[in-house]
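**Q** Structure here, sequence nowhere to be found:
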(Lines give C-alpha, C1' and ligand atoms only; values in the text may rest on other atoms or scores of the structure.)
Protein backbone atom coordinates (compact mmCIF):
# COMPACT_ATOMS: atom_id res chain seq x y z
CA UNK A 1 0.00 0.00 0.00
CA UNK A 2 1.48 3.35 -1.04
CA UNK A 3 2.05 6.18 1.37
CA UNK A 4 0.05 9.37 1.06
CA UNK A 5 1.96 12.57 0.33
CA UNK A 6 1.35 13.66 3.93
CA UNK A 7 2.88 10.42 5.24
CA UNK A 8 5.88 10.80 2.96
CA UNK A 9 6.43 14.38 4.11
CA UNK A 10 6.20 13.38 7.77
CA UNK A 11 8.67 10.56 7.19
CA UNK A 12 11.08 12.87 5.35
CA UNK A 13 11.02 15.32 8.26
CA UNK A 14 11.63 12.59 10.83
CA UNK A 15 14.46 10.94 8.87
CA UNK A 16 16.33 14.17 8.23
CA UNK A 17 15.70 15.52 11.72
CA UNK A 18 17.00 12.29 13.32
CA UNK A 19 20.30 12.69 11.47
CA UNK A 20 20.63 16.36 12.42
CA UNK A 21 19.54 16.11 16.08
CA UNK A 22 21.81 13.09 16.60
CA UNK A 23 24.85 15.10 15.49
CA UNK A 24 24.09 18.64 16.62
CA UNK A 25 21.92 18.06 19.68
CA UNK A 26 18.60 19.64 20.56
CA UNK A 27 19.76 23.20 21.17
CA UNK A 28 22.15 23.03 18.22
CA UNK A 29 19.41 22.12 15.76
CA UNK A 30 17.20 24.89 14.41
CA UNK A 31 13.94 24.68 12.49
CA UNK A 32 15.97 26.32 9.72
CA UNK A 33 18.37 23.33 9.65
CA UNK A 34 15.41 20.99 9.22
CA UNK A 35 13.85 23.23 6.56
CA UNK A 36 17.12 23.20 4.62
CA UNK A 37 17.60 19.44 4.90
CA UNK A 38 14.03 18.61 3.87
CA UNK A 39 13.48 21.43 1.37
CA UNK A 40 10.23 22.21 3.20
CA UNK A 41 8.92 25.61 4.20
CA UNK A 42 8.26 26.58 7.79
CA UNK A 43 4.57 25.96 7.07
CA UNK A 44 5.43 22.48 5.80
CA UNK A 45 7.13 21.64 9.09
CA UNK A 46 4.49 23.20 11.37
CA UNK A 47 1.76 21.51 9.33
CA UNK A 48 3.15 18.20 10.60
CA UNK A 49 4.54 19.02 14.04
CA UNK A 50 3.52 21.59 16.64
CA UNK A 51 7.06 22.55 17.59
CA UNK A 52 10.74 21.57 17.61
CA UNK A 53 10.31 19.36 20.66
CA UNK A 54 7.68 17.24 18.91
CA UNK A 55 10.02 16.77 15.95
CA UNK A 56 12.87 15.87 18.32
CA UNK A 57 10.76 13.24 20.08
CA UNK A 58 9.64 11.65 16.79
CA UNK A 59 13.23 11.81 15.47
CA UNK A 60 14.59 10.16 18.61
CA UNK A 61 12.03 7.33 18.44
CA UNK A 62 12.85 6.85 14.77
CA UNK A 63 16.61 6.76 15.44
CA UNK A 64 16.27 4.28 18.32
CA UNK A 65 13.97 2.17 16.14
CA UNK A 66 16.56 2.03 13.34
CA UNK A 67 19.32 0.90 15.71
CA UNK A 68 17.03 -1.60 17.47
CA UNK A 69 15.95 -3.08 14.15
CA UNK A 70 19.56 -3.53 12.99
CA UNK A 71 20.54 -5.12 16.30
CA UNK A 72 17.51 -7.43 16.12
CA UNK A 73 18.52 -8.59 12.63
CA UNK A 74 21.85 -9.70 14.09
CA UNK A 75 20.50 -11.30 17.26
CA UNK A 76 17.43 -13.12 15.93
CA UNK A 77 19.56 -15.65 14.06
CA UNK A 78 21.06 -16.86 17.36
CA UNK A 79 19.22 -19.07 19.81
CA UNK A 80 21.52 -18.97 22.82
CA UNK A 81 21.63 -15.83 25.03
CA UNK A 82 25.44 -15.91 24.95
CA UNK A 83 25.40 -15.83 21.14
CA UNK A 84 22.78 -13.09 21.06
CA UNK A 85 24.85 -10.89 23.41
CA UNK A 86 28.01 -11.55 21.42
CA UNK A 87 26.11 -10.50 18.29
CA UNK A 88 25.22 -7.21 20.03
CA UNK A 89 28.90 -6.57 20.76
CA UNK A 90 29.84 -7.40 17.13
CA UNK A 91 27.17 -5.06 15.84
CA UNK A 92 28.45 -2.08 17.83
CA UNK A 93 32.04 -2.99 17.01
CA UNK A 94 31.31 -2.94 13.28
CA UNK A 95 29.10 0.14 13.26
CA UNK A 96 30.85 2.25 15.90
CA UNK A 97 32.35 4.66 13.36
CA UNK A 98 29.63 4.16 10.74
CA UNK A 99 26.47 4.07 12.84
CA UNK A 100 22.92 3.50 11.52
CA UNK A 101 22.18 7.15 12.37
CA UNK A 102 25.00 9.63 11.76
CA UNK A 103 26.32 11.00 15.05
CA UNK A 104 26.36 7.71 16.96
CA UNK A 105 24.13 6.20 19.62
CA UNK A 106 20.89 8.21 19.85
CA UNK A 107 20.33 7.05 23.43
CA UNK A 108 23.71 8.37 24.51
CA UNK A 109 23.53 11.62 22.58
CA UNK A 110 19.98 12.41 23.65
CA UNK A 111 20.65 11.34 27.23
CA UNK A 112 23.52 13.77 27.69
CA UNK A 113 21.65 16.43 25.76
CA UNK A 114 18.37 16.12 27.68
CA UNK A 115 19.34 15.16 31.24
CA UNK A 116 19.63 18.74 32.49
CA UNK A 117 17.35 20.59 30.11
CA UNK A 118 14.57 18.70 28.45
CA UNK A 119 12.30 16.63 30.70
CA UNK A 120 10.06 15.45 27.84
CA UNK A 121 12.93 14.15 25.73
CA UNK A 122 14.60 12.73 28.85
CA UNK A 123 11.48 10.63 29.58
CA UNK A 124 11.69 9.17 26.09
CA UNK A 125 15.35 8.23 26.62
CA UNK A 126 14.51 6.60 29.96
CA UNK A 127 11.74 4.59 28.30
CA UNK A 128 14.13 3.50 25.52
CA UNK A 129 16.74 2.31 28.04
CA UNK A 130 14.05 0.60 30.14
CA UNK A 131 12.82 -1.26 27.06
CA UNK A 132 16.35 -2.22 26.06
CA UNK A 133 16.93 -3.58 29.57
CA UNK A 134 13.61 -5.46 29.51
CA UNK A 135 14.48 -7.19 26.25
CA UNK A 136 17.81 -8.28 27.70
CA UNK A 137 16.21 -9.45 30.96
CA UNK A 138 13.66 -11.44 28.94
CA UNK A 139 16.41 -13.20 26.97
CA UNK A 140 18.39 -13.96 30.13
CA UNK A 141 15.40 -15.24 32.10
CA UNK A 142 14.36 -17.46 29.21
CA UNK A 143 17.97 -18.68 29.07
CA UNK A 144 17.81 -19.47 32.78
CA UNK A 145 14.62 -21.50 32.31
CA UNK A 146 16.39 -23.48 29.56
CA UNK A 147 19.55 -23.99 31.64
CA UNK A 148 21.52 -21.93 29.12
CA UNK A 149 22.32 -19.29 31.75
CA UNK A 150 23.35 -19.86 35.37
CA UNK A 151 20.41 -19.58 37.75
CA UNK A 152 22.21 -17.22 40.13
CA UNK A 153 22.62 -14.49 37.49
CA UNK A 154 20.82 -11.26 38.42
CA UNK A 155 19.37 -10.38 35.00
CA UNK A 156 18.39 -6.81 35.91
CA UNK A 157 21.86 -6.06 37.23
CA UNK A 158 23.53 -7.75 34.28
CA UNK A 159 21.50 -5.71 31.80
CA UNK A 160 22.37 -2.42 33.52
CA UNK A 161 26.06 -3.30 33.64
CA UNK A 162 26.10 -4.44 30.02
CA UNK A 163 24.38 -1.29 28.77
CA UNK A 164 26.52 1.01 30.94
CA UNK A 165 29.77 -0.60 29.80
CA UNK A 166 28.68 -0.56 26.17
CA UNK A 167 27.77 3.13 26.38
CA UNK A 168 31.15 3.92 27.95
CA UNK A 169 32.83 2.17 25.03
CA UNK A 170 30.73 4.06 22.51
CA UNK A 171 31.60 7.36 24.18
CA UNK A 172 35.37 6.75 24.06
CA UNK A 173 35.38 5.35 20.51
CA UNK A 174 33.30 8.29 19.24
CA UNK A 175 35.48 10.81 21.05
CA UNK A 176 38.75 9.41 19.65
CA UNK A 177 37.12 8.24 16.37
CA UNK A 178 39.07 5.05 16.98
CA UNK A 179 37.58 1.57 17.16
CA UNK A 180 40.47 0.45 19.39
CA UNK A 181 38.72 2.11 22.35
CA UNK A 182 35.58 0.12 21.66
CA UNK A 183 37.57 -3.11 21.35
CA UNK A 184 39.15 -2.49 24.74
CA UNK A 185 35.71 -2.03 26.32
CA UNK A 186 34.38 -5.03 24.36
CA UNK A 187 36.80 -7.22 26.32
CA UNK A 188 34.93 -6.25 29.50
CA UNK A 189 31.60 -7.04 27.80
CA UNK A 190 32.84 -10.43 26.61
CA UNK A 191 34.02 -11.28 30.14
CA UNK A 192 30.55 -10.39 31.40
CA UNK A 193 28.99 -12.63 28.75
CA UNK A 194 31.33 -15.51 29.67
CA UNK A 195 30.24 -15.19 33.31
CA UNK A 196 26.68 -16.17 32.34
CA UNK A 197 27.64 -19.81 31.80
CA UNK A 198 29.72 -22.33 33.73
CA UNK B 1 48.70 38.29 46.46
CA UNK B 2 45.40 39.87 45.44
CA UNK B 3 43.93 39.46 42.00
CA UNK B 4 43.61 42.42 39.70
CA UNK B 5 40.13 43.44 38.59
CA UNK B 6 40.87 42.00 35.14
CA UNK B 7 41.84 38.65 36.66
CA UNK B 8 38.69 38.61 38.80
CA UNK B 9 36.53 39.36 35.77
CA UNK B 10 38.16 36.63 33.73
CA UNK B 11 37.70 34.17 36.58
CA UNK B 12 34.04 35.16 36.99
CA UNK B 13 33.39 34.54 33.29
CA UNK B 14 35.09 31.15 33.36
CA UNK B 15 33.34 29.98 36.54
CA UNK B 16 29.87 30.98 35.36
CA UNK B 17 30.45 29.75 31.81
CA UNK B 18 31.65 26.35 33.08
CA UNK B 19 28.39 25.88 34.96
CA UNK B 20 26.26 26.91 31.97
CA UNK B 21 28.16 25.04 29.22
CA UNK B 22 28.23 21.88 31.37
CA UNK B 23 24.43 21.90 31.61
CA UNK B 24 23.29 23.39 28.31
CA UNK B 25 26.07 22.33 25.96
CA UNK B 26 27.99 24.46 23.49
CA UNK B 27 25.20 25.20 21.01
CA UNK B 28 22.70 25.67 23.85
CA UNK B 29 24.79 28.37 25.53
CA UNK B 30 24.62 31.90 24.16
CA UNK B 31 26.82 34.88 24.89
CA UNK B 32 23.62 36.36 26.34
CA UNK B 33 23.41 33.54 28.89
CA UNK B 34 26.97 34.30 30.00
CA UNK B 35 26.27 38.05 30.08
CA UNK B 36 23.24 37.45 32.31
CA UNK B 37 25.07 35.08 34.67
CA UNK B 38 28.09 37.36 35.06
CA UNK B 39 26.31 40.72 34.91
CA UNK B 40 28.88 41.77 32.29
CA UNK B 41 28.21 43.58 29.04
CA UNK B 42 29.06 42.12 25.65
CA UNK B 43 32.13 44.37 25.68
CA UNK B 44 33.12 42.96 29.06
CA UNK B 45 33.08 39.43 27.62
CA UNK B 46 34.83 40.24 24.35
CA UNK B 47 37.43 42.25 26.25
CA UNK B 48 38.53 38.97 27.81
CA UNK B 49 37.81 36.36 25.15
CA UNK B 50 37.77 36.56 21.37
CA UNK B 51 34.68 34.40 20.91
CA UNK B 52 32.35 31.81 22.44
CA UNK B 53 34.69 28.95 21.56
CA UNK B 54 37.53 30.52 23.55
CA UNK B 55 35.24 30.87 26.56
CA UNK B 56 34.09 27.25 26.14
CA UNK B 57 37.67 25.98 26.06
CA UNK B 58 38.65 27.94 29.19
CA UNK B 59 35.42 26.85 30.92
CA UNK B 60 36.05 23.19 30.05
CA UNK B 61 39.62 23.32 31.38
CA UNK B 62 38.37 25.01 34.55
CA UNK B 63 35.62 22.39 35.03
CA UNK B 64 38.00 19.46 34.49
CA UNK B 65 40.47 21.13 36.87
CA UNK B 66 37.84 21.39 39.61
CA UNK B 67 36.89 17.71 39.32
CA UNK B 68 40.54 16.60 39.11
CA UNK B 69 41.41 18.63 42.20
CA UNK B 70 38.55 17.10 44.21
CA UNK B 71 39.51 13.60 43.10
CA UNK B 72 43.15 14.27 43.98
CA UNK B 73 42.16 15.37 47.50
CA UNK B 74 40.54 11.97 48.00
CA UNK B 75 43.28 9.88 46.41
CA UNK B 76 46.39 11.58 47.78
CA UNK B 77 45.71 10.29 51.31
CA UNK B 78 46.03 6.68 50.08
CA UNK B 79 49.35 5.03 49.30
CA UNK B 80 48.21 1.81 47.63
CA UNK B 81 46.88 1.91 44.02
CA UNK B 82 43.91 -0.25 45.07
CA UNK B 83 42.96 2.28 47.76
CA UNK B 84 43.44 5.20 45.38
CA UNK B 85 41.14 3.63 42.78
CA UNK B 86 38.54 2.78 45.42
CA UNK B 87 38.66 6.42 46.51
CA UNK B 88 37.93 7.46 42.91
CA UNK B 89 34.84 5.22 42.87
CA UNK B 90 33.70 6.62 46.25
CA UNK B 91 34.14 10.16 45.01
CA UNK B 92 31.93 9.65 41.97
CA UNK B 93 29.43 7.67 44.03
CA UNK B 94 29.06 10.54 46.51
CA UNK B 95 29.03 13.36 43.98
CA UNK B 96 27.11 11.72 41.14
CA UNK B 97 23.94 13.73 41.76
CA UNK B 98 25.73 16.73 43.31
CA UNK B 99 28.78 17.12 41.09
CA UNK B 100 31.56 19.71 41.52
CA UNK B 101 30.28 21.43 38.37
CA UNK B 102 26.50 21.47 37.88
CA UNK B 103 25.49 19.27 34.95
CA UNK B 104 27.79 16.34 35.74
CA UNK B 105 31.05 15.12 34.24
CA UNK B 106 32.51 17.84 31.98
CA UNK B 107 34.49 15.24 30.02
CA UNK B 108 31.35 13.28 29.21
CA UNK B 109 29.17 16.28 28.45
CA UNK B 110 31.76 17.99 26.29
CA UNK B 111 32.73 14.75 24.57
CA UNK B 112 29.20 14.05 23.35
CA UNK B 113 28.71 17.71 22.57
CA UNK B 114 31.92 18.18 20.59
CA UNK B 115 32.57 14.83 18.89
CA UNK B 116 30.61 15.67 15.73
CA UNK B 117 30.78 19.45 15.68
CA UNK B 118 33.63 21.14 17.41
CA UNK B 119 37.14 19.93 16.58
CA UNK B 120 38.86 22.46 18.86
CA UNK B 121 36.82 21.54 21.92
CA UNK B 122 37.09 17.85 21.02
CA UNK B 123 40.91 18.08 21.08
CA UNK B 124 40.73 19.49 24.59
CA UNK B 125 38.51 16.60 25.72
CA UNK B 126 40.91 14.07 24.17
CA UNK B 127 43.83 15.72 25.99
CA UNK B 128 41.89 15.62 29.28
CA UNK B 129 41.13 11.88 28.88
CA UNK B 130 44.74 11.20 27.82
CA UNK B 131 46.01 12.96 30.94
CA UNK B 132 43.53 11.11 33.14
CA UNK B 133 44.71 7.81 31.66
CA UNK B 134 48.37 8.80 32.09
CA UNK B 135 47.88 9.55 35.78
CA UNK B 136 46.23 6.15 36.26
CA UNK B 137 48.97 4.36 34.27
CA UNK B 138 51.60 6.12 36.40
CA UNK B 139 49.94 4.96 39.64
CA UNK B 140 49.61 1.38 38.34
CA UNK B 141 53.15 1.17 37.02
CA UNK B 142 54.51 2.52 40.29
CA UNK B 143 52.35 -0.07 42.06
CA UNK B 144 53.84 -2.79 39.86
CA UNK B 145 57.38 -1.69 40.73
CA UNK B 146 56.46 -1.92 44.44
CA UNK B 147 54.77 -5.32 44.05
CA UNK B 148 51.43 -3.77 45.01
CA UNK B 149 49.95 -4.59 41.59
CA UNK B 150 50.36 -7.82 39.61
CA UNK B 151 53.09 -7.56 37.00
CA UNK B 152 50.92 -8.92 34.19
CA UNK B 153 48.38 -6.06 34.42
CA UNK B 154 48.20 -4.00 31.22
CA UNK B 155 48.01 -0.52 32.75
CA UNK B 156 46.95 1.23 29.54
CA UNK B 157 44.14 -1.20 28.95
CA UNK B 158 43.06 -1.10 32.58
CA UNK B 159 42.88 2.71 32.54
CA UNK B 160 40.74 2.75 29.38
CA UNK B 161 38.38 0.12 30.77
CA UNK B 162 38.13 1.89 34.13
CA UNK B 163 37.36 5.26 32.58
CA UNK B 164 34.90 3.79 30.05
CA UNK B 165 33.00 1.86 32.71
CA UNK B 166 32.94 4.87 35.03
CA UNK B 167 31.60 7.11 32.26
CA UNK B 168 28.88 4.56 31.44
CA UNK B 169 27.83 4.61 35.10
CA UNK B 170 27.80 8.40 35.16
CA UNK B 171 25.64 8.49 32.03
CA UNK B 172 23.01 6.11 33.43
CA UNK B 173 22.92 7.71 36.90
CA UNK B 174 22.58 11.19 35.40
CA UNK B 175 19.87 10.06 33.00
CA UNK B 176 17.77 8.41 35.72
CA UNK B 177 18.91 10.87 38.44
CA UNK B 178 19.34 7.75 40.54
CA UNK B 179 22.53 6.73 42.32
CA UNK B 180 21.45 3.06 42.15
CA UNK B 181 22.60 2.99 38.51
CA UNK B 182 26.02 4.20 39.52
CA UNK B 183 26.23 1.64 42.34
CA UNK B 184 25.47 -1.13 39.87
CA UNK B 185 28.29 0.03 37.60
CA UNK B 186 30.56 0.54 40.63
CA UNK B 187 30.39 -3.22 41.23
CA UNK B 188 32.09 -3.71 37.86
CA UNK B 189 34.72 -1.13 38.77
CA UNK B 190 35.39 -2.77 42.14
CA UNK B 191 35.82 -6.16 40.44
CA UNK B 192 38.35 -4.55 38.09
CA UNK B 193 40.19 -3.09 41.07
CA UNK B 194 40.23 -6.46 42.86
CA UNK B 195 41.79 -8.03 39.75
CA UNK B 196 44.90 -5.88 40.22
CA UNK B 197 46.09 -7.91 43.21
CA UNK B 198 46.35 -11.62 43.97
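**A** It's in. Keep in mind that what you see is a predicted model, and the values were worked out from it rather than measured.
**Q** Low-confidence stretches in chain A?
**A** A:1 (pLDDT under 70).
**Q** hey, where'd the helices end up in it?
**A** A:5-28, A:31-38, A:42-46, A:52-75, A:81-95, A:106-114, A:119-145, A:155-176, A:179-194 (DSSP state H).
**Q** among those helices, which is nearest residue B:132?
**A** Closest approach to residue B:132 among these (C-beta to C-beta): helix A:155-176, 11.3 Å. Yep, even glycine has a C-beta here, placed from its N, CA and C like the rest.
**Q** just checking, what packs against the closest one?
**A** helix A:81-95, helix A:106-114, helix A:119-145, helix A:179-194, helix B:106-114, helix B:119-145, helix B:155-176, helix B:179-194 (3 or more C-beta pairs under 8 Å, 6 or more residues apart in numbering or on different chains; DSSP states H and E).
**Q** Can you tell me which of the helices of chain A is packed in deepest?
**A** Most buried of these, by mean neighbour count (mean count of other C-beta atoms under 10 Å in any protein chain shown): helix A:106-114, with a mean of 26.
**Q** follow-up on the earlier one: what about the helices of chain A, which gets the closest to residue B:196?
**A** Of all the helices of chain A, helix A:179-194 sits nearest to residue B:196, with 14.6 Å by C-beta to C-beta.
**Q** could you measure the closest residue to residue A:86 other than its chain neighbours against chain B, distance?
**A** Of all residues not flanking residue A:86 in the chain, residue A:193 sits nearest, at 6.1 Å (C-beta to C-beta, 6 or more residues apart in numbering or on different chains). Counting by C-beta to the nearest C-beta, to the nearest Å, the separation of residue A:193 from chain B is 13 Å.
**Q** residues touching residue A:193, list them.
**A** Taking C-beta atoms under 8 Å, 6 or more residues apart in numbering or on different chains, we find residue A:193 in contact with A:82, A:85, A:86, A:89.
**Q** hmm, back to that, is it possible to export the helices and strands packed on helix A:155-176 to CSV including distance to residue B:96?
**A** CSV is the format used below for the helices and strands packed on helix A:155-176 (distance: least, C-beta to C-beta, whole Å):
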stretch, distance to residue B:96
helix A:81-95, 25
helix A:106-114, 14
helix A:119-145, 16
helix A:179-194, 20
helix B:106-114, 12
helix B:119-145, 17
helix B:155-176, 5
helix B:179-194, 5
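**Q** how about these, which one is nearest residue A:19?
**A** Across these, closest to residue A:19 is helix A:106-114 (C-beta to C-beta), at 10.3 Å.
**Q** The closest one - contacts with which helices or strands?
**A** helix A:5-28, helix A:52-75, helix A:119-145, helix A:155-176, helix B:106-114, helix B:155-176.
**Q** a markdown table please, covering these and showing distance to residue B:18.
**A** Shown next, in a markdown table, are the helices and strands packed on helix A:106-114 (distance: least, C-beta to C-beta, whole Å):
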| stretch | distance to residue B:18 |
| --- | --- |
| helix A:5-28 | 17 |
| helix A:52-75 | 26 |
| helix A:119-145 | 22 |
| helix A:155-176 | 19 |
| helix B:106-114 | 7 |
| helix B:155-176 | 17 |
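**Q** For residue B:11, which of the ones you listed is the nearest?
**A** With C-beta to C-beta, the closest approach to residue B:11 among the helices and strands packed on helix A:106-114 belongs to helix B:106-114: 17.0 Å.
**Q** Nearest residue to the middle of chain A?
**A** The centroid of chain A falls nearest to residue A:64 when counting by C-alpha atoms, centre = their mean (4.2 Å).
**Q** one step back: columns distance to residue B:156 on top of the contacts of residue A:193, output as CSV?
**A** Output for the contacts of residue A:193, formatted as CSV (distance: C-beta to C-beta, whole Å):
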residue, distance to residue B:156
A:82, 28
A:85, 26
A:86, 25
A:89, 21
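**Q** which one of these is nearest chain B?
**A** residue A:89 (13.7 Å; C-beta to the nearest C-beta).
**Q** thinking again about what came up before, between the helices and strands packed on helix A:155-176, which gets nearest to residue A:16?
**A** Closest among the helices and strands packed on helix A:155-176, using C-beta to C-beta: helix A:106-114, at 14.3 Å.
**Q** rewinding a little: give me every residue that touches the residue nearest to the centre of chain A.
**A** Residue A:64 makes contact with A:106, A:107, A:128 under the criterion C-beta under 8 Å, 6+ apart.
**Q** contacting residues around the first one?
**A** Taking C-beta under 8 Å, 6+ apart as the criterion, residue A:106 is in contact with A:18, A:22, A:60, A:63, A:64, A:67.
**Q** separation between the fifth one and chain B?
**A** Using C-beta to the nearest C-beta, one gets 14 Å for the distance from residue A:64 to chain B.
**Q** How much space separates that residue from residue B:2?
**A** 54 Å (C-beta to C-beta, to the nearest Å).
**Q** Same question for the third one.
**A** Applying C-beta to C-beta, the value for residue A:60 to residue B:2 is 50 Å.
**Q** what separates the spatially closest residue to residue A:19 that is not a sequence neighbour from residue A:83, distance-wise?
**A** The shortest distance from residue A:19 to any non-neighbouring residue, by C-beta to C-beta, 6+ apart, is to residue A:102 (5.1 Å). Counting by C-beta to C-beta, the gap from residue A:102 to residue A:83 is 29 Å.
**Q** quick check, nearest of the contacts of residue A:64 to residue B:188?
**A** Closest to residue B:188, out of all of the contacts of residue A:64 and judged by C-beta to C-beta, is residue A:107, at 19.0 Å.
**Q** separation between the residue nearest to that closest one when sequence neighbours are not counted and residue B:61?
**A** In this structure, residue A:107 finds its nearest non-sequential neighbour in residue A:128, 5.6 Å apart by C-beta to C-beta, 6+ apart. Distance of residue A:128 to residue B:61, computed by C-beta to C-beta: 33 Å.
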